[in-house]
Structure formats: C-alpha cells, structure tokens
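1. Sequence first, predicted coordinates after that:
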Amino acid sequence: MSSQSAERVFRYRLDIYWRALALYLLALIGYGFVRGGVSNGHLTVALTDPVVLLLSVFVVWSAAVLLWIWYRSPTVGVGEDYIRLRNRFRERFLRLQDIEWIGLPRWRRGWGRFVRIRLKGGARPRIILMRPAAYERSQELLQEFVRLSRRLRGA
C-alpha cells in the first residue's frame, strides 16, 4: 500500500442542495406575495393554502437533507492501490486486491452516470455504486477510476 500522502480526496458537492433550497424558498416567498397581500404595512399570507403547505414541505425537506449531508460529510479518497469511502460515522477501505472490476460510465456528461465497483468474494455479488458528478472535481475522480480500472486489467 502506498503512503497516505499520495491520496487524493474528493468531497461531496453540496451546491445542488443549496440551489434547490434557494429555489424552493424563493418560490414560497414569491407565491406568498402573490397570493397574500399587503395592507396597512402588514403582509398577510394564507398558511392553509395547499400550495404554501406543499412549498413549505419542500423547503423543510431540502433543508433537512442539506444539513444531513453536510453533517455526514462524505468523502472519497483514492490512492495508488486503494479507494477509501469515508463519512463521519464510517470508513470503508477497498484495496485493489478486493475489487473484481470497475465498470465505468459512457463519456457523456451528466449527473446520473454511475461507476460500479464489484467486490470479490462471497456467493452474492457486492456492487458499490458511485456517482462521480456528485463529488468535487468529478472529472479528476473519474480519471482516477479509469486509472484503477486499467491497473486491475493489467494494462
């Protein structure tokens, strides 16, 4: 195993959750202004309006998810011959000897492309799905997976 100083660490991106929270909050405020009214310097909002309730649920849910992922702080560390999956509660260390193959996505860009890591051993195949686009510097992370996949094939 190589030294940990050569490990490249990729943190989970939170910007999509910030954007969703901001959009839902802006929609809630905008709908509140349109549906409610200003009279005598006071803003009135109908809290029993179903759209206000639905947007409120979206705001609370996206804020909870954002806080949960921020608290978990998931990271992926890639070294010369290992992959380290880490969050606040757990760390999983995958050596190259424990990996059977790494399935790479097509080179189309997008959020929904997965890297599949199949682990050796056991009667039941164990596959770990990772979405490189969900991490900072996603192209570098994908290149690290390509490098590890080539190393597994012996090329």
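-> That came through, no problem. Numbering: from 1, shown residues only.
2. check contacts around Val59.
-> For Val59, the contacting residues are Leu21, Tyr24, Leu25, Leu28, by C-beta atoms under 8 Å, 6 or more residues apart in numbering. In this view, the C-beta of every residue, glycine as well, is placed from N, C-alpha and C.
3. what's around the residue nearest to it when sequence neighbours are not counted, how many residues?
-> In this structure, Val59 finds its nearest non-sequential neighbour in Tyr24, 4.7 Å apart by C-beta to C-beta, 6 or more residues apart in numbering. The local packing of Tyr24 (other C-beta atoms under 10 Å) involves 20 other residues.
4. Let me see the contact set for Tyr24.
-> So Tyr24 contacts Leu55, Phe58, Val59, Ser62 (C-beta under 8 Å, 6+ apart).
5. Could I get the pLDDT score of the last one?
-> Predicted confidence (pLDDT) for Ser62: 95.
6. With only the CA atoms kept, save the helix or strand where it lies in PDB.
-> Assigned by DSSP states H and E, Ser62 belongs to helix 50-72. Written as PDB, here are the backbone C-alpha positions of helix 50-72 (Å, rounded to 0.1, in the frame of the first residue of the first chain):
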ATOM      1  CA  PRO A  50     -52.200  23.900  -0.200                       C
ATOM      2  CA  VAL A  51     -49.500  25.400  -2.400                       C
ATOM      3  CA  VAL A  52     -48.000  27.200   0.500                       C
ATOM      4  CA  LEU A  53     -48.100  24.000   2.600                       C
ATOM      5  CA  LEU A  54     -46.500  22.000  -0.300                       C
ATOM      6  CA  LEU A  55     -43.700  24.500  -0.800                       C
ATOM      7  CA  SER A  56     -43.100  24.600   2.900                       C
ATOM      8  CA  VAL A  57     -42.700  20.900   3.000                       C
ATOM      9  CA  PHE A  58     -40.200  21.100   0.100                       C
ATOM     10  CA  VAL A  59     -38.300  23.900   1.900                       C
ATOM     11  CA  VAL A  60     -38.100  21.900   5.200                       C
ATOM     12  CA  TRP A  61     -37.200  18.700   3.400                       C
ATOM     13  CA  SER A  62     -34.400  20.200   1.300                       C
ATOM     14  CA  ALA A  63     -33.000  22.000   4.300                       C
ATOM     15  CA  ALA A  64     -33.000  18.700   6.300                       C
ATOM     16  CA  VAL A  65     -31.300  16.900   3.500                       C
ATOM     17  CA  LEU A  66     -28.700  19.600   3.100                       C
ATOM     18  CA  LEU A  67     -28.000  19.600   6.900                       C
ATOM     19  CA  TRP A  68     -27.800  15.800   7.000                       C
ATOM     20  CA  ILE A  69     -25.300  15.600   4.100                       C
ATOM     21  CA  TRP A  70     -23.300  18.500   5.500                       C
ATOM     22  CA  TYR A  71     -23.200  16.700   8.900                       C
ATOM     23  CA  ARG A  72     -22.200  13.300   7.300                       C
END
